[in-house]
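In: Need coordinates for the following:
(2 chains)
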Amino acid sequence: MILATHPHTHETAQPEEHGHVALPQHRHHFETQEQQREAATFGMWLFLLTEIMFFGGLFFSYLLYRNWYYDAFVVASNQLSVPLGGTNTAVLITSGFFMALAVWASEMKKKGLLVLTLILTMVFGCIFIGIKYDEYHEKWEKHHIPGAHFDIAEFVNPHAYGLHEEPLSPDAAQKTQIFFSLYFAMTGLHALHMLIGLGILVWLTVRAHRGDFTAGYVAPIENFALYWHFVDIVWLFLFPLLYLINRHPV
Amino acid sequence: MTEQHHHDPSNVTNPEHAEHHIVTPVTYGIVFATLLVFTGLTVIAAYVDMGIFNPVVALLIATIKAVIVILFFMHVKYQSKLIKMTIGAGFFTFFGLIVMTLSDYISRAWGLW
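Out: Prediction:
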């Protein structure tokens, strides 16, 4: 019988002692807990990189169509509220800050603080969704959702609506639908990620309350935090591109 | 690399994944404040007429914020070289795709305008 033998496998290699107790969550195919932890982080990052490609396609469409229908994109973009978008950016950063604190609480084995920070992460996440709902609702009322009921009146005759934009021809004004399609696709996909994240947060909070993540096993909190921060980063780019860069048309 | 060149094919004693850095709330607080300041800055910058530089400045600030989030909130500054390399390679691939698609786009009608 031939056995493949490495000079050092887990029978013979001596990992440095860190004074750790083997956790029940430690899988036997990992040599050490640190290796298991790094493998999980590595896998999470591979997933997030595919997510970057996924959102990247939409960002690229935005870049091309903005170049193509520049005038329509400017007036449509200026329909968005900078105060609401800016507030939402601050809200999301605050949510991310509490998520970062949750990772620390889990590392330090502070159960009460972990549950509290997870709940605060959820609260700010919900505020973000609430503000987003308000913005979507306003678009609904103004018939600025692309489709059969889309209304170009404000873009053809902006001065009648108290806007300072340049009037567009009816044909060019129709192109604002492309801006709004991308706006709803990008912010909608972002909001969907947040809703999925909020769902996972509920489950994590229940488990945290049970004490699952304050006995040395931090990986689920840590990797969820990576996801949550990634969703933040997507918004950090959506906010300037959709709300801010068209205030001074060239 | 240590002098003794010890053989470790299954990557057991790699000191990189033994080291685990815990980021403190102080660091998180500084990062949080910095991100809020940059958010304020990008809003102010949007109302200053800089011509074609408005999008450039907005994207620059967004990139700085994203890098801060990645390094500190996402702990990449404290990760092993393997993870840093992987993330770098991922972003490089993403930019490669953008550059290739854009160069196709701008050269489609080459000489026709």
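In: contacts, neighbours, all on C-alpha from now
Out: Fine.
In: count of residues packed around the closest residue to B:M50 other than its chain neighbours?
Out: Sequence neighbours aside, A:H248 is the residue nearest to B:M50 in space, at 7.8 Å (criterion: Cα to Cα, 6 or more residues apart in numbering or on different chains). Applying other Cα atoms under 10 Å in any protein chain shown, we find 17 residues neighbouring A:H248.
In: element containing residue 39?
Out: With no chain named, the answer covers chain A. Using DSSP states H and E, A:A39 maps to helix A:33-68.
In: Chain B, not that one
Out: B:T39 belongs to helix B:25-46, assigned by DSSP H and E.
In: Now do that helix: distance to the chain's middle.
Out: With Cα atoms, centre = their mean, to the nearest Å as the basis, helix B:25-46 stands 16 Å off its chain's centre.
In: what's the answer for stretch A:28-38, then?
Out: Distance, centroid of stretch A:28-38 to centroid of chain: 29 Å (Cα atoms, centre = their mean).
In: What mean pLDDT does that stretch get?
Out: When pLDDT is averaged over stretch A:28-38, the result is 85.
In: touching chain B at all, that stretch?
Out: Yes. Shown here: stretch A:28-38 in contact with chain B (Cα under 8 Å from any Cα of the partner chain) through A:31-32, A:34-35, A:38.
In: ok now the very next helix or strand once past the helix holding A:A39, how far from the chain's centre?
Out: Following helix A:33-68 in sequence order, the next helix or strand is helix A:70-77 (DSSP H and E). Helix A:70-77 sits 25 Å away from the centroid of its parent chain (Cα atoms, centre = their mean).
In: same question, stretch B:80-88
Out: For stretch B:80-88, the distance to the chain centre is 11 Å (Cα atoms, centre = their mean).
In: same thing with stretch A:90-106?
Out: On the basis of Cα atoms, centre = their mean, stretch A:90-106 is displaced by 13 Å from the centre of the chain it belongs to.
In: Using CSV, write out the CA atom coordinates for it.
Out: Only the C-alpha atoms of stretch A:90-106 are listed here, as CSV (Å, rounded to 0.1, in the frame of the first residue of the first chain):
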residue,chain,number,x,y,z
ALA,A,90,-24.7,59.3,6.6
VAL,A,91,-27.4,56.8,7.8
LEU,A,92,-25.7,53.9,5.9
ILE,A,93,-22.2,54.9,7.2
THR,A,94,-23.6,54.9,10.8
SER,A,95,-25.1,51.5,10.2
GLY,A,96,-21.7,50.3,9.0
PHE,A,97,-20.0,51.8,12.0
PHE,A,98,-22.3,49.8,14.4
MET,A,99,-21.6,46.7,12.3
ALA,A,100,-17.9,47.2,12.8
LEU,A,101,-18.5,47.7,16.5
ALA,A,102,-20.5,44.4,16.5
VAL,A,103,-17.4,42.6,15.2
TRP,A,104,-15.4,44.1,18.1
ALA,A,105,-18.0,43.1,20.6
SER,A,106,-18.0,39.5,19.3
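In: Give me the contacts around it.
Out: A:111, A:113-115, A:117-118, A:120-125, A:127-128, A:213-214, A:216, A:218, A:221-222, A:225, A:228-229, A:232, B:22-25, B:28-29, B:32, B:35-36, B:39, B:73 (Cα atoms under 8 Å, 6 or more residues apart in numbering or on different chains).
In: List only those of the residues you listed flagged as buried.
Out: A:111, A:113-115, A:117-118, A:120-122, A:124-125, A:128, A:213-214, A:216, A:218, A:221-222, A:225, A:228-229, A:232, B:23, B:25, B:28, B:32, B:35-36, B:39, B:73 (16 or more other Cα atoms under 10 Å in any protein chain shown).
In: hang on, the earlier thing: mean confidence for the helix or strand that the helix holding B:T39 is followed by?
Out: As assigned by DSSP H and E, the chain's next helix or strand after helix B:25-46 is helix B:53-68. Confidence over helix B:53-68 (mean pLDDT, whole number) is 96.
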